[in-house]
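In: can't give you the sequence, but here's the structure:
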């Protein structure tokens, strides 16, 4: 597995590999279709699309990093702390207020206790029909995916205005599939790759 670096990402051979990856896995822009269905309750009923499917495509779900990155703290000093078997939320005097199974639940509780608004979710700007394998890979990386939107597998892409092959999430997946020797060859500019 090759490590993605700026140097590798700028390599013409690597960029071609990313474009080939996109050609194999991304099939058609569906932004207009998705937007139309999202606006029409009748279409949602006819196509048997429920609210969870629509919500899955509207924005990328919040991650623990989103909560950590936007945490401002507050007067109560509530802080999630890892403990054996879960997560505690402690106050400024280090007293445990509540215990949770997951870190994200602990952060959500801390935000609520401090009266802070949840972090902003990253909105999907475009929608693309993708194959199931790419949907799985994107979902593992926290991307907005719906695997049955009127029978289609849709990716809610959070970037716009550039080729999909240039998206960091795509470049990362391509780099993970390269062995180090192939990546080194690409960096040297060997035209055989």
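Out: Received it, and whenever you're ready, just let me know what you need. As the structure is a computational prediction, the values presented were derived from the model and not from experiment.

In: against which helices or strands is whichever strand or helix holds residue 104 packed?
Out: Using DSSP states H and E, residue 104 sits in helix 103-114. Under the contact definition 3 or more CB pairs under 8 Å, 6 or more residues apart in numbering; DSSP states H and E, helix 103-114 sits against helix 64-70, strand 79-83, strand 86-90, strand 96-100. In short, each C-beta sits where N, CA and C put it, glycine included.

In: what's the most buried one of the ones you listed?
Out: strand 86-90 (a mean of 18; mean count of other CB atoms under 10 Å).

In: what lines up beside that strand in the sheet?
Out: Here strand 86-90 is paired, per DSSP bridges, with strand 79-83 (antiparallel), strand 96-100 (antiparallel).

In: now those in JSON lines, please, with extra columns for distance to residue 24.
Out: JSON lines is the format used below for these (distance: least, CB to CB, whole Å):
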{"stretch": "strand 79-83", "distance to residue 24": "40"}
{"stretch": "strand 96-100", "distance to residue 24": "41"}
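
In: tell me what the longest helix along the chain is packed against?
Out: The longest helix of the chain (DSSP state H) is helix 12-25. Helices and strands touching helix 12-25, by 3+ CB pairs under 8 Å, 6+ apart, are helix 168-177, helix 180-188.

In: where in the chain is pLDDT low?
Out: 1-6, 9, 74-76, 179-193 (pLDDT under 70).

In: need the contact list for the residue nearest the centre of the chain.
Out: Taking CA atoms, centre = their mean as the criterion, residue 143 is the residue nearest the geometric centre of the chain, at 2.5 Å. If you count contacts by CB atoms under 8 Å, 6 or more residues apart in numbering, residue 143 has them with 60, 155, 156, 157, 158, 169.

In: between the strands paired with strand 86-90, which gets nearest to residue 53?
Out: Minimum separation from residue 53 across those (CB to CB) falls at strand 96-100, 27.5 Å.

In: now the closest one against helix 103-114, angle please.
Out: Angle, strand 96-100 to helix 103-114, by axes from the mean of the first three to the mean of the last three CA atoms, to 10 degrees: 140 degrees.

In: so how far is strand 96-100 off the chain centroid?
Out: Strand 96-100 sits 28 Å away from the centroid of its parent chain (CA atoms, centre = their mean, to the nearest Å).

In: and for that strand, what are the contacting residues?
Out: Residues contacting strand 96-100 (CB under 8 Å, 6+ apart): 78, 80, 83, 86, 87, 88, 89, 90, 91, 106, 109, 113.

In: want to throw those residues into TSV with distance to residue 69?
Out: Below are the contacts of strand 96-100 laid out as TSV (distance: CB to CB, whole Å):
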residue	distance to residue 69
78	17
80	14
83	22
86	22
87	17
88	21
89	18
90	20
91	22
106	16
109	18
113	19
